[in-house]
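curious how this folds, go ahead:
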Amino acid sequence: MAENSLDNILGRLRRYPDVEAPNLQAWDATDRLLLEAAAGRVDAPGSLAVIGDRYGALTLGALAVLGVGQVRVHEDLITGERALRNNAAVLGLAGYQQLPLGEKLLAGAGTVLLQLPRTLAELEEISHAVARYAAPEVVLIAGGRVKHMSLGMNAVLERHFQTVQPQLARQKSRLIIAGDPKPVPGEGAAARSPGPVVEHLAELDLDVAAYGAVFAGTKLDIGTRFLLTFLPQMPAAAHAVDLGCGTGILAAMYAKANPAARVTATDRSAAAVTSAEATARANGLTDRITALQDDAMSALPAASADLVLLNPPFHLGASVHAGAGLKLFGAAARVLAPGGQLWTVFNRHLQYLPALERLVGPTTVKGSNHKFTVAVSTKRA
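Numbers count the residues shown, from 1 in each chain. Now for the predicted structure:
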């Protein structure tokens with residue numbers, strides 16, 4: 001039917017509640033290539049699993065145009081999960097189930113569609129899970145934008161599958177088709193999915209845990225490193241929030257320096273939240289740090305925090321865009337109590353100071369170096 005053509009489905013997708021702008025769209029050419037490659041392969045109910053479906057293009061495209069009645073889908077970002085639900089409601093489509101990466105997602109799956117992740121560590125986790133849990137005849141169809149792909153991706157897939165076949169590039173996207181999963185070791189430690197990796201950061205005297213999807217892995221991001229030099233100047237808060245917590249380094253370091261504080265580590269990424277939980281556990285801080293998957297602190301009450309620490313992203317997917325930072329500044333303004341402080345670090349080229357003044361309150365530059373600025377904004381009464 002015309003109303004269910006792929007062009008119509010893709011054209012009606014929105015990114016909401018993620019940042020929206022004229023130069024940002026909810027699908028790309030890779031989604032189209034993946035759906036085209038899947039046509040005719042899915043021949044049994046419940047045999048299709050989708051991973052990395054950022055706004056629902058793959059799931060809803062499969063339901064609408066591939067004749068698929070059921071789709072199991074995993075998306076790491078809570079904004080992606082919510083965007084899929086929103087788009088499905090608008091399009092009047094049902095028949096999907098959102099699940100974590102693991103056996104329930106993949107058991108019996110004969111076809112898996114994957115938007116390739118940005119890190120090899122995350123691809124390792126996904127490939128391990130598909131090889132372990134999916135049907136023996138599973139075909140993994142992975143795709144990405146050529147500029148973000150590397151030969152290392154082939155190597156990761158070859159560790160888990162007997163056949164790995166890169167396809168010719170089309171519309172600046174490329175597919176890799178993998179099949180014949182290699183046997184996974186039996187029960188015990190060797191059979192468990194990889195991660196988290198735990199490493200000790202000597203410069204912080206902190207054990208950091210990271211699952212594959214987390215930005216910077218177990219390393220100390222240079223922006224976070226600069227913000228931490230101002231830790232002794234930060235106020236003692238009854239409730240502090242590490243917003244966009246990643247592996248939870250800021251949360252852990254603030255909790256260590258302020259034993260009386262209650263700290264919330266929150267991120268839209270499920271992998272980040274589980275990493276932050278593991279970091280808190282590795283450093284004996286589980287009684288003082290709560291990890292929460294959420295979109296811009298939407299679950300926290302207004303005026304419920306005294307301090308917010310933020311190292312905002314300046315990329316949205318592959319695009320450089322200030323919208324993510326602005327969204328988080330507004331969220332901090334809502335959650336901070338009057339007189340509470342937002343401490344943020346950002347790249348010097350980003351003109352965030354006027355926005356911080358407007359959205360939060362009086363803002364002072366606490367320091368800068370050749371790359372970053374650290375500012376503190378005080379919530380207006």
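
tally of neighbours for the closest residue to residue 362 other than its chain neighbours?
Setting aside the residues directly before and after it, residue 362 is nearest to residue 378 in space (CB to CB, 6 or more residues apart in numbering), at 5.2 Å. Bear in mind the C-beta positions are built from the backbone N, C-alpha and C, glycine included. Using other CB atoms under 10 Å, the number of residues around residue 378 comes to 16.

burial measure for residue 354, as a count.
Considering only other CB under 10 Å, residue 354 is surrounded by 9 other residues.

again with the one 5 residues further on
For residue 359, the number of neighbouring residues by other CB under 10 Å comes to 20.

that one contacts residue 333, correct?
Yes. Counting by CB atoms under 8 Å, residue 333 is a contact partner of residue 359 at 5.1 Å.

low pLDDT regions in the stretch 51-200 of the chain?
186-195 (pLDDT under 70).

okay, helices next: where are they in it?
57-65, 78-91, 103-106, 120-133, 151-160 (DSSP state H, counting those that start in this stretch).

can you list the buried residues in the third one?
In this case it means helix 103-106. For helix 103-106, the neighbour count (16 or more other CB atoms under 10 Å) marks 105-106 as buried.

what do you get for the last one?
By neighbour count on 16+ other CB under 10 Å, the buried set for helix 151-160 is 153, 156-157, 160.

what pLDDT, on average, does the longest strand belonging to the chain get?
Using DSSP state E, we find that the single longest strand of the chain is strand 336-347. Strand 336-347 comes out with an average pLDDT of 97.

so what secondary structure elements neighbour it?
With contacts defined as 3 or more CB pairs under 8 Å, 6 or more residues apart in numbering; DSSP states H and E, the packing partners of strand 336-347 are helix 222-228, strand 305-310, helix 323-335, strand 372-378.

hmm, back to that, which residues are in contact with each of residue 359 and residue 333?
Between them, residue 359 and residue 333 share no contacting residue under CB atoms under 8 Å, 6 or more residues apart in numbering.

can you tell me how far residue 165 sits from residue 109?
19 Å (CB to CB, to the nearest Å).

tell me which of these two has more neighbours.
More neighbours surround residue 109 than the other of residue 165 and residue 109, with 24 against 12 (other CB under 10 Å).

list the contacts of the more buried one.
Residue 109 neighbours (CB under 8 Å, 6+ apart): 46-49, 72, 130, 133-135, 138.

just the buried members of those residues?
By 16+ other CB under 10 Å, those give 46-49, 72, 130, 133-135, 138 as buried.

among those, which ones are in strands?
Per DSSP E, these map to strands at 48-49, 72.

can I get the residues you listed in CSV including distance to residue 146?
Putting these into CSV (distance: CB to CB, whole Å) gives the following:
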residue, distance to residue 146
48, 25
49, 24
72, 28
